[in-house]
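# Using only what follows, build the 3D model:
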Amino acid sequence: MSSSSPTPSAPDADLQAVVRELEAHAAESGWDRPERLFALVETAALVRQEPGLAEALGLEGEPSGLTPIEQEPLPEGTSLEQVLAEIVWPGEVAGCAAIAERIVLPPEADEQMPDDPADAQAFAASHPAREEVRIVAAALRSGGSACALRLRSHDDADSVLTSPDLVPGLLTLLHATLDLEETRS
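Sure thing, here's the model as predicted:
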């Protein structure tokens, strides 16, 4: 008896496609890049709003899927987490995505991790078991999410890990930016 995984719904499949596209785009740029933030809009709505775009992109018929729109670079000295805590996307935005590079450590390193953020960063950067990763995480207003993760030590497209929930903390922050009822101070 064979088992098969369920076919993702159209919005989830569109989101997975965008995450794979963004990960491939980030891979072309190489490592040691700044964090990046994208609005995700429905391609059909974008083309209705900007009719010339379909022709410029060579789109025929009624386009589907999501289009990532890269936002301005993050302000100097500001982390992605800080920016996400302060923004709310307008209703026209179907979702958002972020690309970030991080250092991850094995669980046993947690006991030795300094409390001071600067010391913790230095500790992680010099830890012999550290692993550098590139994360692409995306969230939809409808609740869907998708992630991709590439290890620097296995820097090839066939080694990219994907899942709807690889980085739950970052996904929580992304989903919060899509909550129109959320009030920010």
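# Would you mind listing the buried residues in the helix-or-strand element of the chain with minimal mean pLDDT?
Counting by mean pLDDT, DSSP states H and E, the chain has its least confident helix or strand at helix 51-57, which shows a mean of 75. Of all the residues in helix 51-57, those buried under the rule 16 or more other Cβ atoms under 10 Å are A54. Quick note: C-beta positions are derived from backbone N, CA and C, even for glycine.
# Strands along the chain, start to end?
Counting by DSSP state E, the chain has these strands, from start to end: 36-42, 66-70, 95-104, 131-140, 145-151, 161-163.
# Identify all contacting residues around the shortest one.
Residues outside strand 161-163 that contact it (Cβ atoms under 8 Å, 6 or more residues apart in numbering) are 16, 19-20, 146-150.
# What of the third one?
Counting by Cβ under 8 Å, 6+ apart, the neighbours of strand 95-104 from elsewhere in the structure are 15, 18-19, 22-23, 26, 31-33, 35-40, 66, 68, 80, 84, 89, 124-125, 127, 130-141, 144, 170, 174, 177-178.
# what do you get if the cut-off is 7 Å, keeping everything else the same?
The contact list for strand 95-104 (Cβ atoms under 7 Å, 6 or more residues apart in numbering) reads 15, 18-19, 22, 26, 31, 33, 35-40, 66, 68, 80, 89, 124-125, 130-141, 170, 174, 177-178.
# ok, now the second one?
Strand 66-70 is contacted by residues 14-15, 18, 22, 36, 38-43, 46, 94-95, 97 when judged by Cβ under 7 Å, 6+ apart.
# in stretch 139-159, what counts as buried?
139-141, 144-150.
# average model confidence for that stretch?
Averaged over stretch 139-159, pLDDT sits at 94.
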